[in-house]
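Q: sequence unknown, structure follows:
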Ligand SMILES: [Zn+2]
Ligand SMILES: [Zn+2]
């Protein structure tokens, strides 16, 4: 890493946020991890970005004016060409680069009848 804020995985360069390898290296050399995050994520940069007035851009030349009398009746507007893809829609979101799935520990089923685990009340076979 050598303070160059780069990594062969390219994640550090792309996101300007240290990747897991950089974090591991920083921890080893006792470098503050938050100091490796780029200045563009700082509050100062954020404030600077929104400090000025943002005006809407209007391109008058590209606006086509429709007249209410004849042209509207001739105008045929069809719904957009869209088709539902086959199959069941996916439940899991496609992760962005540098994002990874956090392992959520599975909750153990506890039976309310015998307080045993691995089954529930309905499937309980323990004799009481
Ligand atoms: Zn890396
Ligand atoms: Zn049970």
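A: Nice, thanks for sending it over. What you are looking at is a predicted structure, and each value in this text was computed from that prediction instead of being measured. Numbering: from 1, shown residues only. Ligands and ions are numbered 1, 2, ... in the order given.

Q: so where do the strands sit in the chain?
A: Here the chain has no strands by DSSP state E.

Q: quick one: the helices in it, in order.
A: Ranges of helices within the chain are 11-15, 20-28, 43-49, 71-74, based on DSSP state H.

Q: so where's this protein uncertain?
A: By pLDDT under 70, the low-scoring segments of the chain are 1-3, 66-74.

Q: residues of it that sit close to ligand 1?
A: 7, 9, 19, 21 (Cβ under 5 Å from the ion). No exception for glycine: its C-beta is placed from N, CA and C like everyone else's.

Q: let's have the residues you listed in CSV, adding neighbour count and distance to residue 79.
A: Formatted as CSV, the residues of the chain next to ligand 1 follow (neighbours: other Cβ atoms under 10 Å; distance: Cβ to Cβ, whole Å):
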residue, neighbour count, distance to residue 79
7, 17, 47
9, 13, 44
19, 21, 44
21, 14, 49
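
Q: of all these, which comes closest to residue 53?
A: Nearest to residue 53 among those, counting by Cβ to Cβ, is residue 19 at 36.8 Å.

Q: skipping adjacent residues, who's closest to the closest one in space?
A: The spatial neighbour of residue 19 that comes closest, neighbours along the chain excluded (Cβ to Cβ, 6 or more residues apart in numbering), is residue 11 at 3.9 Å.

Q: what's near enough to touch that neighbour?
A: When contacts are counted by Cβ atoms under 8 Å, 6 or more residues apart in numbering, residue 11 touches 19, 97-98.

Q: and the gap between residue 15 and residue 98?
A: The gap separating residue 15 from residue 98 is 5 Å, by Cβ to Cβ, to the nearest Å.
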